[in-house]
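**Q** Structural data only, the sequence is not supplied:
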């Protein structure tokens, strides 16, 4: 009798686990190819690994972005803001009309909705960051003009 109860209990627990697991989707590492940053949105060599599973892309975009030394985004804004987590190297972020700021490994950067900005690697060091931007009206970013060398090099 105890054996049957234990088996029934284990069966119920396993069934609950399977049902619960159906709400979790895993995208195995390497599932999506690395893409090179589009020339209209980036200066220099930039590689992007999109991080998504299930229908997560409907809610936001997440990318692990690698910038070669001197590489950077174009000026852009986000309708709901953007979160950056620097995971290696060091780089810069700049809000339009303000001085550029240094960002380093471990720094977490929040950029408010609608703030025109750019970010990328420092002149002599590469940088990698996780970039998270939320979707509003089907859009996570509004890309603007490229950052000129003069803008990039200005202090």
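**A** Done, it's in. The structure displayed is predicted, hence computed values, not measured ones.
**Q** C-alpha only now, for contacts and for neighbours.
**A** Fine.
**Q** what's in contact with the helix or strand harbouring residue 61?
**A** Using DSSP states H and E, residue 61 sits in strand 60-67. Under the criterion CA atoms under 8 Å, 6 or more residues apart in numbering, residues 44-52, 120-121, 126-135, 140 lie in contact with strand 60-67.
**Q** In helices only, show me these.
**A** With DSSP state H as the criterion, helices contain none of those.
**Q** List the buried residues in the longest strand along the chain.
**A** The single longest strand within the chain, with elements called by DSSP state E, is strand 82-95. Residues of strand 82-95 classed as buried: 82-95 (neighbour count, 16 or more other CA atoms under 10 Å).
**Q** circling back to that earlier point, what pairs with the strand holding residue 61, parallel or antiparallel?
**A** When pairing is defined by DSSP bridges, strand 60-67 lines up against strand 46-50 (antiparallel), strand 127-134 (antiparallel).
**Q** Please work out the average pLDDT along whichever helix or strand comes after that strand.
**A** The element immediately downstream of strand 60-67 (helix or strand, assigned by DSSP H and E) is strand 72-73. Averaged across strand 72-73, pLDDT comes to 98.
**Q** Show the contacting residues for residue 121.
**A** Each residue near residue 121 by CA under 8 Å, 6+ apart is listed here: 67-72, 89-92, 127.
**Q** As TSV, these with distance to residue 22 would be great.
**A** Formatted as TSV, the entries for these read as follows, by distance: CA to CA, whole Å:
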residue	distance to residue 22
67	36
68	39
69	42
70	44
71	41
72	39
89	38
90	39
91	40
92	41
127	36
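**Q** Sounds good, over and out.
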